[in-house]
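> build me a model from this:
(chains A and B)
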Number of protein chains: 2
Amino acid sequence: MVKYAERIKTMEKTGKIIRNLFNAMTDPETISFGGGAPAREALPVDIVRQITDEVMRVDSRGVTALQYGDPLGLEDLRQVVVDYLLKPKGVIADPDQVLITTGGIETMNLICQIFIDPGDVILVESPTFVHCVEIFQMFQAKCVAVETDECGMVPGDLEKKIKAYHPKVIYVVPTFNNPTGVTTTTERRQAIAELGSRYDVIVLEDDPYRDIRYSGEDLPPIKTFDKTGNTVMANSFSKIFSPGSRLGYVVATKELISLFYQIQTATVSVTSTLSQVICAEFFKRGYYPAHHRMICDLYRERRDTMMACFDKYFPASVKHTFPDGGMFTWVTCPPEIDTTALLPEAEAHKVAYVAGEGFYVEGNGKGRNCMRMSFTGVTPDKIETGMQRLGKLITEKLS
Amino acid sequence: MVKYAERIKTMEKTGKIIRNLFNAMTDPETISFGGGAPAREALPVDIVRQITDEVMRVDSRGVTALQYGDPLGLEDLRQVVVDYLLKPKGVIADPDQVLITTGGIETMNLICQIFIDPGDVILVESPTFVHCVEIFQMFQAKCVAVETDECGMVPGDLEKKIKAYHPKVIYVVPTFNNPTGVTTTTERRQAIAELGSRYDVIVLEDDPYRDIRYSGEDLPPIKTFDKTGNTVMANSFSKIFSPGSRLGYVVATKELISLFYQIQTATVSVTSTLSQVICAEFFKRGYYPAHHRMICDLYRERRDTMMACFDKYFPASVKHTFPDGGMFTWVTCPPEIDTTALLPEAEAHKVAYVAGEGFYVEGNGKGRNCMRMSFTGVTPDKIETGMQRLGKLITEKLS
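Alright, predicted model coming up:
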């Protein structure tokens, strides 16, 4: 058979982990805390029906929805991003600094096409989002972990690693981090932006969870501290509208957006105009505020249920983060628990999570006693049942 | 600013050509034969409205449409491809050999991720589809032209180039070629498949136009002659359903599909499930045959109008192909006409085409007297007006 490209070799390991995530999401018998998908109750099925019906009756909008479009994205959706999603957070941008992508993940692909040659370094949190590491490794980047604590990336270690590795990109999920649920503090956000500017490194601020907050106060995006254009803000409509529409956006300097435009044109041509028209109307027709409240209320209850279940069903030696929003909590078991080895046993008991070690680029068994657990896709009664099952299993292992 | 990846340098030239294609498509004042977009009358606006309305009232389908899905694509859409689009052409595949992509162009991106390291060779037709060359060059492939005549790629030259360059991929648009409108003969199809197998090269059969045929008989896909799995068939729903839905598919061995799956997971995660559900229902509910007839009738009239206009308005020294389907005819003017230089003048006369030289990877001014003209997106009366304008301009230049 024809020889594969070099990058295929590097994808094998992480590729398997991603497949497991997707598998866990689709097995109907198991109570899965594994995936990162919205709750089915959070999907605006009837709203999309209404919007599509109306849009398709107005001829020129219907044609726009089914025809090719501008690879930058539809003008009105870019304006929606500026008015509804950036301005309220203090990010002042004009629509020419916004490009609509085919979901949040595509932004990572575009960034790599623009910046990454084989051997280039990307600094990541520890732990970090494994799916992005897969893309980075596909581009044969070397991912290096930066020390990360309950306040986010540690600036001292970040600066040390910048000096040591001369990275092209710093990848950070500052709000309700995937996998930890931790939010980077304002001071750290400012420090990260400034280090990116001072050492001329791209700060890739991946922020898909920030709009689903259940407690506490909004913090300013890293992008608001960026004075040089080094911070690129990536976001997605998957958590606030619908993953199936495959829509995300990126905010950057006009110069960078023109490169994003070229690469997007080359790789997927344009983002679905059907999805874009419907999503733009979702905001313009005023559906978003009530839908957003509904999602946050739904997920807050689920988070609170899961948090209470740790106290009820888990030994005190099992620690977990308390996320103010997003989808995930990060669980640290005593060192004698190996979450990778435990997973098949948990699945036999019809409960699932994602084992922690895959989220560490350092390897060496780091995170082997950890797991990522998502509370958003499971109803409170099933959270209760699933947590009881998992708590019992871990209690038995420790006794 | 942070240093760009090496590939950015190679994209500059072809990138500009693509931008021109998109620009020509969106200027409303000019009669443009430049784009490759379906006619607005060919878009199933009301059908999509009806399907969406029904699908979104049936809860589980509505959730499927808005949720994440399998990166392979929805099972029923893959089954639609097998039953409605492959079987009738003699391609026997099972749904596991089909992966749904985010439009035809994404397939090229995936193929490159799988096979192309910098410096690898891709053999292309002469002329060839410039958009794909842009992707190939983005992956730092070296594109080498194979002699191509009115029957398609010339097997003798193809074999010579295979031996000389040891390519990874042969890229071919066998049916109603972009840009020439020419269809590769059955004998040549067989020869190409056999050469791919004999020398272990991937034959990338890009066939998005084959379903819109206005005259003549269907020819078997190259894939039907493939006994070794070397031929990969790429297709798109853009021309028979809607470009705005961003849906394509690829047919390959199960081994290769598992790699496509990994790369697709890494780069765009999943293809829009909203688009997939609607497209699957478009076929399953029986809308396709009548819609397909309508499109072919619409385009046949436009092709015939454009063909007649060459006789009426152009000097006999201007030659053109007669396409049995698809979107394009390829026009060869006498050598004293430089179509690149002529284009601004044509646009001043409110008519546009795509200049020919960008379609030749050989460079050296090849195709400088040629142009690609599309007839599908322009109504017959505007074809008449536009052809009259362009014919007059060229006649004047030659006199």
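> surely A:Thr30 meets A:Ala348?
No - contact criterion CB atoms under 8 Å: A:Thr30 and A:Ala348 do not qualify, at 9.7 Å. The way it works is simple: take the backbone N, C-alpha and C, and place the C-beta from them, glycine included.
> between the two, tell me which one has more neighbours.
Taking neighbours as other CB atoms under 10 Å in any protein chain shown, A:Thr30 and A:Ala348 compare with A:Thr30 leading, 20 against 10.
> and A:Cys309, how far from chain B?
Noted for A:Cys309: a distance of 25 Å to chain B, by CB to the nearest CB, to the nearest Å.
> should've said A:Thr228
9 Å.
> and the gap between the residue lying closest to that residue once chain neighbours are set aside and A:Val351?
Using CB to CB, 6 or more residues apart in numbering or on different chains and skipping the chain neighbours, the partner closest in space to A:Thr228 is A:Ser197 (4.1 Å). In this view, A:Ser197 and A:Val351 are 45 Å apart by CB to CB, to the nearest Å.
> among these two, which residue is more densely surrounded?
A:Val351 (25 against 17).
> who are the contact partners of A:Gly216?
Neighbouring residues of A:Gly216 by CB atoms under 8 Å, 6 or more residues apart in numbering or on different chains: A:183, A:324-325.
> top of these by neighbour count?
Neighbour max across the contacts of A:Gly216 (other CB under 10 Å) = A:Thr183, 27 neighbours.
> residues from the stretch 251-399 of chain A in reach of chain B?
Proximity of the stretch 251-399 of chain A to chain B, by CB under 8 Å from any CB of the partner chain, involves residues A:255, A:259, A:262-263, A:265-275, A:278.
> ugh, wrong one, the stretch 51-200 of chain A
Neighbours of chain B within the stretch 51-200 of chain A, by CB under 8 Å from any CB: A:52-53, A:56-57, A:59, A:62-71, A:102-106, A:109, A:112-117, A:120, A:131, A:134-135, A:138, A:168-169, A:200.
> in strands only, show me the residues you listed.
Assigned to strands by DSSP state E, the following of these qualify: A:Val169.
> buried subset of the residues of the stretch 51-200 of chain A next to chain B?
A:52, A:56, A:62-71, A:102-106, A:109, A:112-117, A:120, A:131, A:134-135, A:138, A:168-169 (16 or more other CB atoms under 10 Å in any protein chain shown).
> ok, now which ones touch A:Ser197?
A:226-228, A:230.
> hey, C-alpha coordinates of stretch A:280-299 in CSV?
What follows is stretch A:280-299, C-alpha atoms only, in CSV (Å, rounded to 0.1, in the frame of the first residue of the first chain):
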residue,chain,number,x,y,z
ALA,A,280,-27.6,34.1,13.0
GLU,A,281,-31.4,34.2,13.2
PHE,A,282,-31.4,32.4,16.6
PHE,A,283,-29.6,35.5,18.0
LYS,A,284,-31.3,38.2,15.8
ARG,A,285,-34.8,37.0,16.6
GLY,A,286,-34.1,37.2,20.3
TYR,A,287,-34.2,33.4,21.1
TYR,A,288,-30.8,33.4,22.8
PRO,A,289,-31.4,35.0,26.3
ALA,A,290,-34.3,32.6,27.3
HIS,A,291,-32.5,29.6,25.8
HIS,A,292,-29.3,30.5,27.6
ARG,A,293,-31.1,30.8,30.9
MET,A,294,-32.8,27.5,30.4
ILE,A,295,-29.4,25.7,29.6
CYS,A,296,-27.7,27.3,32.6
ASP,A,297,-30.6,26.3,35.0
LEU,A,298,-30.5,22.8,33.6
TYR,A,299,-26.8,22.4,34.0
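> show me what counts as buried in that stretch.
A:280-284, A:287-288, A:291, A:295-296, A:298-299.
> ok, and what's touching stretch A:65-73?
Residues contacting stretch A:65-73 (CB under 8 Å, 6+ apart): A:55-56, A:78, A:96, A:98-100, A:249, A:257, A:261, A:264-265, A:269-271, A:273-274, A:276-278, B:22, B:25-26, B:35, B:37-38, B:40, B:43-45, B:48, B:238, B:242-245.
> thought A:Val124 was touching A:Val133?
Yes - using CB under 8 Å, A:Val124 makes contact with A:Val133 at a distance of 6.7 Å.
> of the two, who's got more company?
Of the pair A:Val124 and A:Val133, A:Val124 is the one with more neighbours under other CB under 10 Å, namely 29 against 26.
> quick check: phi and psi on that one?
phi -130, psi 160 (degrees, to the nearest 10).
> what does the one 5 residues further on give?
Backbone torsions of A:Phe129, given as degrees, to the nearest 10, read phi -70, psi 110.
> wait, what's in contact with the residue lying closest to it once chain neighbours are set aside?
Of all residues not flanking A:Phe129 in the chain, A:Asn178 sits nearest, at 4.5 Å (CB to CB, 6+ apart). For A:Asn178, the contacting residues are A:36, A:129, A:209, A:326-328, A:372, by CB under 8 Å, 6+ apart.
> would you mind putting those residues into a markdown table with neighbour count, secondary structure and distance to A:Gly216 alongside?
As requested, the contacts of A:Asn178 are arranged in a markdown table below (neighbours: other CB atoms under 10 Å in any protein chain shown; DSSP: H, G, I helix; E, B strand; the rest coil; distance: CB to CB, whole Å):
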| residue | neighbour count | secondary structure | distance to A:Gly216 |
| --- | --- | --- | --- |
| A:Gly36 | 24 | coil | 21 |
| A:Phe129 | 23 | coil | 22 |
| A:Tyr209 | 27 | coil | 13 |
| A:Gly326 | 29 | coil | 12 |
| A:Met327 | 28 | coil | 16 |
| A:Phe328 | 24 | strand | 16 |
| A:Arg372 | 28 | strand | 21 |
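> which residues of the stretch 151-300 of chain A fall in strands?
A:152-153, A:169-172, A:202-206, A:231-236, A:248-251 (DSSP state E, counting those that start in this stretch).
> A:Ser126 is in contact with A:Tyr171, correct?
No - here A:Tyr171 does not reach A:Ser126: they are 11.5 Å apart, not a contact under CB under 8 Å.
> okay, those two: which has more neighbours?
Ranked by neighbour count (other CB under 10 Å), A:Tyr171 and A:Ser126 place A:Tyr171 first, with 27 against 21.
> report the beta-bridge partners for the more buried one.
For A:Tyr171, the beta-bridge partners under DSSP bridges are A:Val124, A:Leu204.
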